[in-house]
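K.L.:
I'd like to go over a predicted model; first the sequence, then the structure.
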Amino acid sequence: MRLLRRLKELALIGAFAPALLFDMLLVASREAVEIDGLCLAAGMVGFTAVILRHRKLIGMLIASLTMSAAVTAFDLAVLGTGEGHPGLTEMGALLFLTISVVRRVQPFSAAAALAIATMVVLEAQALRFLIWGTFDGVVLVFFLFILWVVAASIGGYFRFQQVRREEALESVRRAERLDIARELHDLVAHHITGIVVQAQAARAVGEQRPEAVLPALDAIATAGGDALTAMRRLVTVLRSDEEAARTPGTSLSDLRVLVDGFAAGDGPQVAFDVGQGVSSADLPPEVLTTLHRVLQESLTNIRKHAPGTTWVEVDLSLVPEGVRLRVRNYGSGGGMGDPRLSRLGGGFGLVGMAERVEALGGTLTAGFTPQGAWEVCAVLKCDPEAARRPVA
């Protein structure tokens with residue numbers, strides 16, 4: 001991605017270089033006109049603003065607008081000649097910056113104001129010719145306005161695509177949060193049931209065997225602490241009013257079923273490696289459910305967006321941070337590069353997985369490995385000892 005961005009910048013410089021060279025040759029070919037040097041300087045400022053737009057877009061645009069407006073005012077008010085010709089570099093820079101401003105500046109009212117200011121400066125340059133009665137000035141005024149409309153439309157299109165992407169991302173996050181919220185009842189009910197049973201037992205034996213009350217209270221406190229931990233890890237979402245069945249994936253066997261189903265038929269071969277010490281008893285239910293969801297989404301993405309995959313590796317192991325799930329696919333050529341997703345800046349399945357993993361305090365990464373495989377890696381925090389403690 002970084003290399004692609006650099007290539008785009010080099011292509012942009014290559015596009016502006018001929019315009020800048022043309023402006024220099026035009027100045028050199030004309031008789032000595034005092035305003036020509038200022039027009040060329042305005043073009044250089046605009047070119048610099050285009051190159052540095054990623055650092056401070058609004059500041060760069062204002063600098064370019066100020067320089068262009070100052071040259072126009074100097075030509076008309078001081079020299080009174082109107083002989084200065086706006087250069088291709090100067091006009092091209094202002095039009096390109098219009099695209100960037102409409103696309104990126106927030107809020108939209110600020111973007112619109114800056115775009116209109118750019119149009120005013122462009123039209124002021126062409127008005128020099130109209131003031132001195134040059135017919136070409138009429139054509140230039142109309143032509144620059146058409147170019148400005150095209151530039152603003154391109155920027156508006158890119159802005160619309162970005163808004164679409166943000167709305168889609170928010171929709172995915174909202175759906176994922178609701179999915180997590182639907183699991184709260186089952187995850188916490190297990191602990192609450194143990195608390196109720198222990199409390200009833202303590203009440204029943206309290207009068208006859210007072211020494212049995214303290215262990216029961218300890219068990220209640222432990223179960224309550226586990227329940228609160230599970231809720232703190234999940235209750236960052238709102239629960240939907242509609243009832244929904246719990247997502248499967250509460251044991252390692254469910255992960256094995258997913259892998260076997262993916263490899264069945266014409267699917268690629270899958271190696272599923274479960275590290276030493278990993279068992280269903282070691283992992284809290286919410287962690288198992290999330291691992292199931294990440295594995296399911298990863299395999300689905302491979303089938304949909306990497307049909308040329310020849311080999312898939314699934315690795316589940318304990319790490320110092322908790323438990324780690326890695327899914328790698330080999331031989332897919334373009335990896336997960338579905339052009340339909342690229343137009344929107346990436347796949348939304350990864351967003352949903354990251355939302356679920358981060359809700360449990362974990363991390364999720366996706367990208368190419370040095371060996372050329374596409375890897376999805378989820379690390380979830382968990383305490384195997386806490387998961388083994390009985391609650392009833």
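P.N.:
Nice, thanks for sending it over.

K.L.:
restrict stretch 97-112 to CA atoms and write it as PDB.
P.N.:
As requested, C-alpha coordinates have been extracted for stretch 97-112 and formatted as PDB (Å, rounded to 0.1, in the frame of the first residue of the first chain):
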ATOM      1  CA  LEU A  97      -6.500  20.900  -5.000                       C
ATOM      2  CA  THR A  98     -10.200  21.500  -5.600                       C
ATOM      3  CA  ILE A  99     -10.600  17.700  -6.000                       C
ATOM      4  CA  SER A 100      -8.700  17.100  -2.800                       C
ATOM      5  CA  VAL A 101     -10.600  19.700  -0.800                       C
ATOM      6  CA  VAL A 102     -14.100  18.500  -1.800                       C
ATOM      7  CA  ARG A 103     -13.000  15.000  -1.100                       C
ATOM      8  CA  ARG A 104     -11.300  15.300   2.300                       C
ATOM      9  CA  VAL A 105     -12.100  18.500   4.100                       C
ATOM     10  CA  GLN A 106     -14.700  18.300   6.900                       C
ATOM     11  CA  PRO A 107     -17.300  19.600   7.400                       C
ATOM     12  CA  PHE A 108     -18.700  19.800   3.900                       C
ATOM     13  CA  SER A 109     -19.600  23.500   4.300                       C
ATOM     14  CA  ALA A 110     -15.900  24.300   4.700                       C
ATOM     15  CA  ALA A 111     -15.000  22.200   1.700                       C
ATOM     16  CA  ALA A 112     -17.700  24.000  -0.400                       C
END
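
K.L.:
show me what counts as buried in that stretch.
P.N.:
Within stretch 97-112, the residues that count as buried by 16 or more other C-beta atoms under 10 Å are 97-105, 111. All C-beta atoms are positioned from the backbone trio N, CA, C, and that covers glycine.

K.L.:
quick check: the closest residue to Phe74 other than its chain neighbours vs Gln125, distance?
P.N.:
What sits nearest to Phe74 in space, not counting adjacent residues and going by C-beta to C-beta, 6 or more residues apart in numbering, is Leu38, at 6.5 Å. Distance, Leu38 to Gln125, by C-beta to C-beta, to the nearest Å: 12 Å.

K.L.:
picking that back up, of the buried residues of stretch 97-112, which is the nearest to Phe47?
P.N.:
Leu97 (10.7 Å; C-beta to C-beta).

K.L.:
what's near enough to touch that closest one?
P.N.:
Under the criterion of C-beta atoms under 8 Å, 6 or more residues apart in numbering, the neighbours of Leu97 are 46, 49-50, 53, 57, 60-61, 64, 118.

K.L.:
and the helices in the protein?
P.N.:
Across the chain, reading from the start of the chain, the helices by DSSP state H fall at 2-29, 34-51, 57-73, 88-104, 108-131, 135-182, 184-206, 213-234, 252-263, 285-305, 339-342, 348-359, 384-388.

K.L.:
relative to helix 88-104, how tilted is the longest one?
P.N.:
What that stands for is helix 135-182. Orientation of helix 135-182 against helix 88-104 (axes from the mean of the first three to the mean of the last three C-alpha atoms, to 10 degrees) gives an angle of 30 degrees.

K.L.:
so which of the contacts of Leu97 comes closest to Gly14?
P.N.:
Within the contacts of Leu97, proximity to Gly14 (C-beta to C-beta) peaks at Val50, which comes in at 12.4 Å.

K.L.:
which residues touch the closest residue to that closest one other than its chain neighbours?
P.N.:
Distance criterion C-beta to C-beta, 6+ apart; nearest residue to Val50, sequence neighbours excluded, is Ala93 at 5.1 Å. For Ala93, the contacting residues are 16, 43, 46-47, 49-50, 64, by C-beta under 8 Å, 6+ apart.
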